[in-house]
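# sequence first, then the predicted structure:
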Amino acid sequence: MKTIIVATGLSLAVLGTVPTSAASISYNRPLTNACYEAAAIKKSPQGIAQCNAAITTEATTDGAERMASLVNRGILYLLADRAADAGRDFDEALAFDPQQPEALLGKAIEQWHQGNNADAVQLATRSLQYGPKRPAVAYLIRGLANEQQGDLRAAYSDLQTARQIEPNWAEPAVELQRYRVVRR
């Protein structure tokens with residue numbers, strides 16, 4: 001069986017695919033919308049400031065809107081390589097709604113980034129149970145975390161599923177290139 005080594009640049013490629021769909025709850029508030037748009041286009045430094053403003057002003061009156069802004073800021077923190085800050089935002093969003101699939105997925109990515117692969121697998125699985133907007137991302141993260149734990153069969157299966165769900169997304173295919181399947 002092939003030894004699998006994950007490239008150091010992989011986390012940036014994966015983080016560039018983080019879904020931002022939790023922010024669809026915007027209530028036509030300008031700062032909350034700016035926070036969502038920043039996360040959607042992966043504009044980290046300015047976006048964090050916009051999300052901070054949304055969270056401290058507009059999103060303070062509505063829990064669902066605050067949760068969406070927290071998820072979006074968490075995504076931006078991940079992109080800025082601030083995993084601990086991202087984790088706090090995802091935790092706060094999950095305190096509001098423990099079944100929020102995008103918050104669960106963001107937390108899975110944060111845990112994978114921190115090397116907590118067992119937690120990443122569990123969180124990605126929970127995210128899939130509640131229907132994230134891009135399930136292929138959850139399968140990819142779960143596959144990468146399974147790989148790091150040495151469960152190559154589960155990793156390969158998850159990466160294959162991610163590729164089947166989103167055949168035009170290059171990342172699962174790139175990850176699968178490191179595998180060689182030998183039939184016995």
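The structure has been received and is ready for your questions. Numbers count the residues shown, from 1 in each chain.
# gap between residue 124 and residue 140?
Distance of residue 124 to residue 140, given as Cβ to Cβ, to the nearest Å: 9 Å. Heads up, the C-betas are built off the backbone N, CA and C, glycines and all.
# just want the most central residue of this structure.
If you average the C-alpha coordinates of the chain and look for the closest C-alpha using Cα atoms, centre = their mean, you land on residue 106, 3.5 Å from that point.
# just checking, what packs against whichever strand or helix holds that one?
Applying DSSP states H and E as the criterion places residue 106 in helix 101-113. In this structure, helix 101-113 packs against helix 10-15, helix 63-79, helix 83-96, helix 117-130, helix 135-148, with contacts taken as 3 or more Cβ pairs under 8 Å, 6 or more residues apart in numbering; DSSP states H and E.
# return the distance of the last one from the chain's centre.
This means helix 135-148. 10 Å (Cα atoms, centre = their mean, to the nearest Å).
# could you check the angle that helix makes with helix 117-130?
With axes from the mean of the first three to the mean of the last three Cα atoms, to 10 degrees applied, the angle from helix 135-148 to helix 117-130 works out at 160 degrees.
# got the angle for the following helix or strand past helix 135-148 vs helix 135-148?
In the C-terminal direction, the helix or strand that comes right after helix 135-148 (DSSP H and E) is helix 152-165. Per the same axes, to 10 degrees, the angle that helix 152-165 makes with helix 135-148 is 160 degrees.
# tell me what the helix or strand just after helix 152-165 is packed against?
Taking DSSP H and E as the definition, the helix or strand that follows helix 152-165 towards the C-terminus is helix 170-176. Contact here means 3+ Cβ pairs under 8 Å, 6+ apart; on that basis helix 170-176 packs against helix 10-15, helix 135-148, helix 152-165.
# next, the buried residues of helix 170-176.
By neighbour count on 16 or more other Cβ atoms under 10 Å, the buried set for helix 170-176 is 171, 172, 175, 176.
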